[in-house]
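Enquirer: attaching a predicted model along with its sequence, questions to come.
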Amino acid sequence: MKNGNAPTYRVKRAREIIERGRLTQMLDIDQTLTQIVRREISVAQISIVDEFFSALKLDAEAHIDAGLISKATEYWTWGKLTSLRAALRKIFERSPFERELDIAIARWHGPPEDRHRSHKPREKRFSLDISDLPHSWLEALAAMEDGLPGVAANPPAPSMIATTKVKLREFAKVARDRGLAMDLTLEATREYEKSLFNRERPLSPVTIHSAMRQVRDFARYIGAKEEVLDYLLERVRFHERRSAKIQPKKEAKVLSLPTYSEMFAIAFEMLGEADRLPNPRHAQYRRNAALAITLFAALPLRVADTRISFGKELAWDEAGYKFDLKVSKTGRRFQSRIHPVFAFFIDQVVLQGCAPIYLSEMRESCFQKRRLLFVNYDDTAPHKNYVSFLWSQVLGTGSHAARTKLHDEFARFGSRGVELAMKACGHRSERTAEAYRTAAFERLALEKVHDDLSCNFSDDEWREFFQ
């Protein structure tokens, strides 16, 4: 049998707690008591919030940070802290204070450096350290970085020198393992090429072609023996023909990416999930992912340039957000206004689940602290490839694919589209532009052939042969 006096008792008990003086200025008493009667709020939730503010000895107007919360709840259990968070969400509108509570709860387990085990660097299985390369190679690489011409070739672009170093470290590892001298001899070159076919995870023909081409370019630069150069020239041509017969994995993944409209639909769906999820870690992950797949689809920065901070690479004025950064590959300055559509997603990672009325306050705080654009739920920094990781998790491929997709979409609009895509991606080479124009023409021509062929089939023939 239900106790008819239970609502009256709950109301009386809740009123007593509120009128102690700690919550009187924070709550509308009549509205709160009505919620008690409707069981929207429990007396236990009122009690734990009252206990918390009593421990703080502050009112709701005071600035409360994670350090102050941790000090006031020093002897609370993790379960009690999470109960407090649930109570605050029920009783108050979501505010920056709740973000500080999330950080304090995360710190309950100890500082981030204590929670994560230190991992030893992964042992190099296919290459040596750069310091193990022959002295003559190191001198040649230093000359490359200084932009000095070689014996029979000019230095590659600065971005390619890092890749060249990787291939030379692999070459040296193969030579050492086979008991050969670390030099660009014919025998060592053949052994290196064989090693590319014998990896645990098979390398694509495009990757093998790229590796042999970079070894050839370095051989030209240092003036290797004629027989080695002839061999490399022949093998590069062979691998070029071989790689031309297959569709590169990157291209296949780009073609499987959703349309821009579908990307936005996915992003808005994730934001909706973030608002409903009680777990702050999962909610923050979805906000970050929504921003990553939309912002960097339209402004496809290289992975190395996606570690962005408020007040450094990301600026704000009356007209809105804008990028102002130096591109890592070329060293050139990149400036771009960010359209309000994308600014909406930036605002979501600024608010981190708080009510929109706090946007100006929280945005100002982000710029004052120079906070990273992407942070974990406890305000710690994610790893440097986080944006590409989010793309991979949501769309199945890293954010590097955004550049190719932008070219593919814009190339449909002809030379002007290619020009706009080049500008958005920071490309300057006419060879790059010509490659994308050619690929776009071939794709559009193939689509035209398919459309023309399909028009010649009657409905009866479609049903007979294809259904």
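Expert: Okay, I see it. This is a predicted model, so every value here is computed, not measured.
Enquirer: could you report the neighbour count for S131?
Expert: S131 has 6 neighbours, counted by other C-beta atoms under 10 Å. Any C-beta I mention is one placed from the backbone N, CA and C, and that applies to glycine too.
Enquirer: ok so it is a helix residue?
Expert: Yes: under DSSP: H, G, I helix; E, B strand; the rest coil, S131 sits within a helix.
Enquirer: how much space separates it from D177?
Expert: Plainly put, S131 is 18 Å away from D177 if you go by C-beta to C-beta, to the nearest Å.
Enquirer: what lies in contact with stretch 324-341?
Expert: 158-159, 294-295, 298-299, 301-302, 304-305, 308, 312-315, 319-323, 346, 426, 428 (C-beta atoms under 8 Å, 6 or more residues apart in numbering).
Enquirer: are any of the residues you listed buried, and if so which?
Expert: Buried members of these, scored by 16 or more other C-beta atoms under 10 Å, are 294-295, 298-299, 301-302, 305, 308, 313-315, 321, 323, 346, 426.
Enquirer: for the most centrally placed residue in the chain, report the pLDDT, please.
Expert: The structure's the chain has its C-alpha centroid closest to V387; by C-alpha atoms, centre = their mean the separation is 0.5 Å. If you check V387, the pLDDT there is 92.
Enquirer: again, but for A60
Expert: 49.
Enquirer: please apply the same query to R94.
Expert: 76.
Enquirer: if I look at it, how far off is L351?
Expert: To L351, R94 is 9 Å away according to C-beta to C-beta.
Enquirer: the more surrounded of those two?
Expert: With neighbours defined as other C-beta under 10 Å, R94 and L351 compare such that L351 has more, 19 against 16.
Enquirer: correct me if wrong, but K322 is in a strand.
Expert: Yes: counting by three-state DSSP, K322 falls inside a strand.
Enquirer: wait, what's in contact with it?
Expert: Counting by C-beta under 8 Å, 6+ apart, K322 touches L314, A315, W316, Q335, S336, R337, I338.
Enquirer: also G150?
Expert: For G150, the contact set (C-beta under 8 Å, 6+ apart) comprises A140, A143, M144, R220, Y221, I222, G223.
Enquirer: what's the following helix or strand after the strand or helix carrying T294?
Expert: Assigned by DSSP states H and E, T294 belongs to helix 280-298. Following helix 280-298 in sequence order, the next helix or strand is strand 314-317 (DSSP H and E).
Enquirer: for that next one, give the mean pLDDT please.
Expert: Strand 314-317 shows a mean pLDDT of 91.
Enquirer: picking up where we left off before, elements contacting the helix holding T294?
Expert: helix 260-276, helix 340-351, helix 386-395, helix 401-410 (3 or more C-beta pairs under 8 Å, 6 or more residues apart in numbering; DSSP states H and E).
Enquirer: what residues sit buried inside the second one?
Expert: Judged by neighbour count using 16+ other C-beta under 10 Å, the buried positions of helix 340-351 are F342, A343, F345, I346, D347, Q348, V349, V350, L351.
Enquirer: closest to I208 out of the residues you listed?
Expert: F342 (38.6 Å; C-beta to C-beta).
Enquirer: list the contacts for the closest one?
Expert: Contact analysis of F342 by C-beta under 8 Å, 6+ apart lists T294, L295, A298, L299, Y321.
Enquirer: related to what we said a few turns ago, which of the contacts of K322 count as buried?
Expert: Burial by neighbour count, judged by 16+ other C-beta under 10 Å, picks out L314, A315, W316, I338 from the contacts of K322.
Enquirer: check the gap between the last one and T404 for me.
Expert: When C-beta to C-beta is the yardstick, I338 and T404 sit 22 Å from each other.
Enquirer: and the third one, by the same measure?
Expert: The span separating W316 from T404 equals 30 Å under the rule C-beta to C-beta.
Enquirer: equivalent analysis for Y377, please.
Expert: From Y377 to T404 the distance is 32 Å (C-beta to C-beta).
Enquirer: likewise for E193?
Expert: Distance of E193 to T404, given as C-beta to C-beta: 28 Å.
Enquirer: buried residues in the helix holding T294, which are they?
Expert: Applying 16+ other C-beta under 10 Å to helix 280-298 flags 280, 283-298 as buried.
Enquirer: C-alpha coordinates for it, CSV please?
Expert: C-alpha atoms of helix 280-298 as CSV (Å, rounded to 0.1, in the frame of the first residue of the first chain):
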residue,chain,number,x,y,z
PRO,A,280,31.2,13.0,-21.1
ARG,A,281,34.0,11.1,-22.7
HIS,A,282,31.7,9.7,-25.4
ALA,A,283,29.9,13.0,-25.9
GLN,A,284,33.2,14.9,-26.4
TYR,A,285,34.4,12.3,-28.9
ARG,A,286,31.3,12.9,-31.0
ARG,A,287,31.6,16.7,-30.9
ASN,A,288,35.2,16.4,-32.0
ALA,A,289,34.4,14.0,-34.8
ALA,A,290,31.6,16.1,-36.1
LEU,A,291,33.9,19.1,-36.3
ALA,A,292,36.8,17.1,-37.9
ILE,A,293,34.8,15.6,-40.7
THR,A,294,33.1,18.9,-41.7
LEU,A,295,35.7,21.6,-41.2
PHE,A,296,38.6,19.6,-42.8
ALA,A,297,36.5,18.4,-45.7
ALA,A,298,36.2,22.0,-46.9
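Enquirer: how about TSV for the contacts of K322, with distance to L271 added?
Expert: Listed next are these as TSV, based on distance: C-beta to C-beta, whole Å:
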residue	distance to L271
L314	20
A315	24
W316	21
Q335	28
S336	23
R337	23
I338	17
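Enquirer: so which of the residues you listed is the closest to K80?
Expert: Set against K80, the nearest of those by C-beta to C-beta is L314 (37.8 Å).
Enquirer: isn't A211 up against L196?
Expert: Yes: contact criterion C-beta atoms under 8 Å: A211 and L196 qualify, at 5.9 Å.
Enquirer: who touches both of these two?
Expert: Both A211 and L196 are contacted by L203, under the criterion C-beta under 8 Å, 6+ apart.
Enquirer: what separation is there between I103 and A66?
Expert: According to C-beta to C-beta, I103 stands 4 Å off from A66.
Enquirer: and this structure, what are its domain boundaries?
Expert: Split into domains by automatic domain parsing, the chain comes to 6-115, 130-246, 247-467.
Enquirer: now do the contacts for the residue nearest to I308 when sequence neighbours are not counted.
Expert: By the measure of C-beta to C-beta, 6 or more residues apart in numbering, the closest residue to I308 outside its immediate chain neighbours is L373, 4.4 Å from it. Applying C-beta under 8 Å, 6+ apart, we find L373 in contact with L291, I308, S309, F310, L314, I346, V349.
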